[in-house]
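In: Below are the sequence and a predicted model; questions follow.
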Amino acid sequence: MMEVLILEIEDPGCFWVTVKGCGPYVVNEIEYKNLNAEMNQFYDKSCQDADEIKPLTLQEGQICVVFSKELKCWCRAAIKSIMSCTDHYLTECFLVDYAKYIFVKSNDIRVAVEAFMKIPYRAKQCGLYRTKPVTLHINFCEDTAKIVPAKRWDCAATQYFQSLLKATTQVKARLCAIEGNKLDVLLYVTIKNEKVCVNDDLVSKNFARFEEGKENTEHPANDRERQTSLNVESPLPLKIVNPALAFSPVLFQEKVSKYLETGEHPVYQKQSYMQCPNFTESYCWPPIARGCDVLAISHQGNDPLLYIPPVLTFLQSESCYTSLPNRSGPLALIVCPGWKKAQLVFELLKTYSRCSRPLHPMLIIVGQNKEEARNVKIHRGCEIIVTTPYSLLRLLEHHSLLLLRLCHLIFDEIEVLFSEASEQVFTILDYYRKTVIIEERLYSPHQIVAVGTCWNKHITHLLKEFMNDPYIVITAIEEASICGNVQQVVQLCLNSERIAVLLRILDFTPNNVEKMLIFTSTINEAQMVHQGSFVDQEYTKARSVLLLTENNVCHALGVLHYLKHAEAEIPPELHDFTARVLEAEEEKKLARPLCTYLKTLGICKNRRACPDRHHINVQTDIPQNIPDKITPTPGCMTVMPLHIVSATNYFGRIVDKQKDQYAILAEEINEYFKKPNNNISVEKVEKLALYGLYEETFFHRVQVVEISPKKEEKLFFNVTIKYIDEGRMSQVESHQLLQLPARFQCLPPQAVEFIVCSVKPIDNEIEWNPRVTSHIYHKIKGKPHEAKMVLTLGNTVWVDPMVRVTRLSNLKTYVNEYNVRSEILSMGLGTDNPEHIKQLQKLYALLTSLNISQWEIPNISTDTFLLNFIYFSFYPEIKWFQNEETVTVKVKIASIADYKCKFSKEKVVFSACSGDKFYLADMELHQHILVEKSACVIKDKEAIIVLAKEKRQSWCKLLKNKNPHVSFDFEHWEDFEDKSPFPIGKKRANLHCPTVVTEELMNSSEDSGTESDD
């Protein structure tokens, strides 16, 4: 076992250490310090005669000595790569004693004197023994997700590995094998006096997997030749080579794997000088690297590597910027459509800019708080800023001189920017144009680069007004068609008639057509078309005609989407057909959960690609885990957030203040498992079964959601579990699960999903900025809050407000400490979302249009289900009067757009929409009625409901329970048989509703086709 010091980390499979103590790989620190002092003294004195100790030739792998400005000393190094620049050669060197990369001009490289090469290199390359990377593979077609082997390490695995080594107080390694010049080790770290094997820890948390293989352990002490090789030829790290530093087309010979297809970051394979671009990059890199204006539209247009390498290449030429003002400010500005994409671009810049001169890139995302934008400080030497259009404009309000040095303006995903923030984009372009037209900027670079996946109508204005002789690269043929203003025509026909239809179309084509390209399935069809058509002369307007038959129905949705994108005429038959297809697609999603974006924002921007459901499914959306009596105040409750998903989405429990059954159960469970005899591990793990789990001094009830498919091969295997009382998911080893007695399984799962209403991220974002989520996480987790229920659906409760109430010490007074929604808004990264509840109301309005009585809802009454409407709907004003046979109810609602009236023997449920409001009146009647003789009709600004009495008797009231919105209509006070429902007051005659009026309403109702009999 060796104690080591970590020098540099690339990933768990490649990191560098120096060994402490004594042993075959240990460098004597005293000798090393003496060597370092001698080297500095020698090369400092030799500066005057530098030509004598400069190498005659340079080649990759050559050992040399270079000066590190960061370390302020001369260092032994190995040349990694050589790049040709404008007036010199630039070499990438690896410092073999520090495991660092630096760039050095070829003139500054010195010969490595043999006397300084005797001591072994200090940095040793290591990797975790038989520990290989994995990744999460999602199959949207089969609706499955599983962990599979990967070729490269996931970012999360690397970050977790780094966090382990950062938190440790001691690192030890056991040498298990030697692979080439790399040491494969078992790594052990000590954290809080607990020793952890990093290899096992990564595997247990599904960041890695163990790989079986042939043992290749060699004892270093018995192999002096191997030891010498390791010391003298220290391995170089598998660092990403930046392709930005050379872009000659001669080197473009191989393709690079596209990370966007797999959802992973790109990793380039080792090559002579650089990595080869893909097809689109081959056309984009040269003009961008020459400083030209470029527009690129491609299916890979959302890949930042379309522009990062060549832009970094141009930025290496410092002489191009000598005429710029001598002040701080970026040379390049990258505008991204959202904070998440900006974060990705920033991470890639940090990775690739390490291979260039220091550029100090910055990521700037600012909210609506003016103080935040005012306090932004631009780092000294910052030459690249990554931001969003909204953040940039807020920044410019307080830093108006920020872009005085700006030369390169880059728009990432230009079609998204134009669709979400076109006004802001053109404001930025105007600002840039005013900056570069001044005389002092005449000889400095001016460049605009825009990349995207599809064409947008605003791009034409961008090309004409802001770009100077741009290079236009479009590798997506269908987008090139829109760019070229090709007329798109779709003709629906039967497959058997497509030849005749095509010939008929050709007959109507003007006689001045110049060229025509026709695609057929067979040679015979091509000959038939050729013989049946004749065109000549010239036609300047290009047109594309697509014949769509019953054999191509699978492409109908794609064709419709393309026609909408091209703003072309859509045949009514295609529109109707695709509407049915979309409806059928939604039907297939009934088993899927309700769309997260629909729940949290009220809208899903990409329903076409979203795999989740966007309509209510009665079977799965019935209320769950919601107590019948929440608090004395209807709709109010005490909630305990335990798992924070985002700033407005949490999982937790509803707390019963009178008798919290879960608190009693949790205490009993912990008392039970405190006895060692009760901690019995599960022998056979079953899916969906409930078990106990010990975690951080507390026992939890968990349910097994998924079992590792390779469990038969191992004694212990991983299982995916759900904490049924908290809502979070995790993975544990099977032996950690404990048998849970049946008496602890009786209480239903307590986890409920909470969503704070009417607030959303700013700037049309659909994801909350991590700063907001982190702030809310630390503020609300594990603390009881008072909340008002707005709406429930399935296991989800929408709340507003959600308030933290605190009792003042020594006083019988409670104060509101904070409101969660207000807390989000105060950060400047959230804004009001009034459409949130309105969109959910539309779902409920659609739900009420169905026949609720026909639903098969197990273990829940219609009353309980309809209770969900009450919390967000409006109760209309109602007046009523009666005669001997009927009761007439007037529902006062102006401009009724849609209504439904459901009758039952003891109840009437009336619902309607008016403007942006949804009205619901759930009336439990005082007496029984005859359903078949009751009706509802709309008259002027009210709905009139006529209820036929089951018994001819006077009703003293309309409803069983008092309702402040319901009152008697004294203008129609009926006085028959001297029996008035109101014993006090004078009797008024002839003020009742005549029978003829009632009959007229009944007839009108029958003619209107009401659904009252449903």
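Out: Okay, I see it.

In: Give me the neighbour count for the closest residue to D969 other than its chain neighbours.
Out: Spatial nearest neighbour of D969, excluding adjacent residues (C-beta to C-beta, 6 or more residues apart in numbering): K879 at 4.0 Å. Any C-beta I mention is one placed from the backbone N, CA and C, and that applies to glycine too. Per other C-beta atoms under 10 Å, the neighbour tally for K879 reads 19.

In: which strands and helices sit next to the helix or strand where K879 lies?
Out: Element membership for K879, per DSSP states H and E: strand 877-882. If contacts are counted by 3 or more C-beta pairs under 8 Å, 6 or more residues apart in numbering; DSSP states H and E, strand 877-882 sits against strand 886-892, strand 966-968.

In: so what strands line up beside it?
Out: The strands beside strand 877-882 in its sheet (DSSP bridges) come out as strand 886-892 (antiparallel), strand 966-968 (parallel).

In: Pick the most buried one from those.
Out: strand 886-892 (a mean of 21; mean count of other C-beta atoms under 10 Å).

In: May I see the buried residues of the first helix or strand past that one going along the chain?
Out: Next in sequence after strand 886-892, counting helices and strands by DSSP H and E, comes strand 898-903. Buried residues in strand 898-903, counting neighbours by 16 or more other C-beta atoms under 10 Å, are found at Y899, K900, C901, K902, F903.

In: dump the residue contacts of the residue nearest to D969.
Out: Residues near K879 by C-beta atoms under 8 Å, 6 or more residues apart in numbering: V889, K890, K892, V966, S967, F968, D969.

In: Distance check, P337 against F418.
Out: Using C-beta to C-beta, to the nearest Å, P337 is found at 10 Å from F418.

In: more crowded one of these two?
Out: The neighbour comparison of P337 against F418 (other C-beta under 10 Å) goes to P337, with 26 against 23.

In: Surely the more buried one touches E420?
Out: Yes: with contact defined as C-beta atoms under 8 Å, P337 counts as touching E420 (6.2 Å).

In: For the longest helix belonging to the chain, name the packing helices and strands.
Out: As assigned by DSSP state H, the longest helix anywhere in the chain is helix 414-436. Applying 3+ C-beta pairs under 8 Å, 6+ apart, one finds that helix 414-436 contacts strand 332-335, helix 389-398, strand 408-411, strand 447-452, helix 459-465.

In: so the residue nearest to D969 bridges to which residues?
Out: K890, S967.

In: Quick check: buried residues in the strand holding K879?
Out: Under 16+ other C-beta under 10 Å, the buried positions of strand 877-882 are E877, I878, K879, W880, F881, Q882.

In: Leaving out chain neighbours, which residue sits closest to the second one?
Out: Nearest residue to I878 in three dimensions, chain neighbours excluded: V966, at 4.6 Å (C-beta to C-beta, 6+ apart).

In: residues contacting that neighbour?
Out: Contacts of V966 (C-beta under 8 Å, 6+ apart): I878, K879, W880, M923, L958, L959.

In: Can you give me the distance of K605 to Q927?
Out: 51 Å.

In: and if you look at K588?
Out: Distance from K588 to Q927, by C-beta to C-beta: 47 Å.

In: Those two - which one has more neighbours?
Out: Of the pair K588 and Q927, Q927 is the one with more neighbours under other C-beta under 10 Å, namely 18 against 9.

In: How are the strands of the stretch 551-700 of the chain distributed by residue range?
Out: 636-644, 649-655, 690-695, 698-707 (DSSP state E, counting those that start in this stretch).

In: Also the stretch 901-1014 of the chain?
Out: 907-914, 917-924, 929-939, 942-949, 966-968.

In: still on that earlier bit, export the longest helix of the chain to PDB, keeping only CA atoms.
Out: Extracted in PDB, the C-alpha atoms of helix 414-436 (Å, rounded to 0.1, in the frame of the first residue of the first chain):
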ATOM      1  CA  ILE A 414     -30.200  30.900 -34.100                       C
ATOM      2  CA  GLU A 415     -33.600  29.600 -34.900                       C
ATOM      3  CA  VAL A 416     -34.500  29.200 -31.200                       C
ATOM      4  CA  LEU A 417     -33.100  32.700 -30.500                       C
ATOM      5  CA  PHE A 418     -35.200  34.200 -33.200                       C
ATOM      6  CA  SER A 419     -38.400  32.300 -32.200                       C
ATOM      7  CA  GLU A 420     -38.000  33.100 -28.500                       C
ATOM      8  CA  ALA A 421     -36.200  36.500 -28.400                       C
ATOM      9  CA  SER A 422     -36.100  38.000 -31.900                       C
ATOM     10  CA  GLU A 423     -36.500  41.600 -30.600                       C
ATOM     11  CA  GLN A 424     -33.600  41.100 -28.200                       C
ATOM     12  CA  VAL A 425     -31.400  39.600 -30.900                       C
ATOM     13  CA  PHE A 426     -31.800  42.500 -33.300                       C
ATOM     14  CA  THR A 427     -31.100  44.900 -30.400                       C
ATOM     15  CA  ILE A 428     -27.800  43.200 -29.800                       C
ATOM     16  CA  LEU A 429     -27.000  43.200 -33.600                       C
ATOM     17  CA  ASP A 430     -27.800  47.000 -33.700                       C
ATOM     18  CA  TYR A 431     -25.500  47.600 -30.700                       C
ATOM     19  CA  TYR A 432     -22.700  45.600 -32.300                       C
ATOM     20  CA  ARG A 433     -23.000  47.400 -35.600                       C
ATOM     21  CA  LYS A 434     -22.800  50.800 -33.900                       C
ATOM     22  CA  THR A 435     -19.700  49.600 -32.100                       C
ATOM     23  CA  VAL A 436     -17.700  48.400 -35.100                       C
END
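
In: Now find how far off-centre that helix is within its chain.
Out: Its chain's C-alpha centre lies 25 Å from the corresponding centre of helix 414-436 when counted by C-alpha atoms, centre = their mean, to the nearest Å.

In: same question for it, mean pLDDT?
Out: Regarding helix 414-436, the rounded mean pLDDT is 93.

In: buried stuff in it?
Out: So, applying 16+ other C-beta under 10 Å, buried residues of helix 414-436: 414-421, 424-426, 428-429, 431-432, 435-436.

In: what's the most distant pair in the contacts of K879?
Out: K892 and F968 (14.0 Å; C-beta to C-beta).

In: For K192, grab the count of nearby residues.
Out: When neighbours are defined as other C-beta under 10 Å, K192 has 8 of them.

In: quick one: it and E415, what's the gap?
Out: 50 Å.

In: again, but for H965
Out: Distance from H965 to E415, by C-beta to C-beta: 50 Å.

In: any weak-confidence spans in the stretch 201-350 of the chain?
Out: Scanning the stretch 201-350 of the chain for pLDDT under 70 picks out 213-275.

In: Show me where it has its helices.
Out: 224-232, 259-262, 279-289, 308-315, 339-353 (DSSP state H, counting those that start in this stretch).

In: and those, which is most packed in?
Out: helix 308-315 (a mean of 24).

In: What angle do helix 339-353 and that helix make with each other?
Out: Counting by axes from the mean of the first three to the mean of the last three C-alpha atoms, to 10 degrees, helix 308-315 lies at 60 degrees to helix 339-353.
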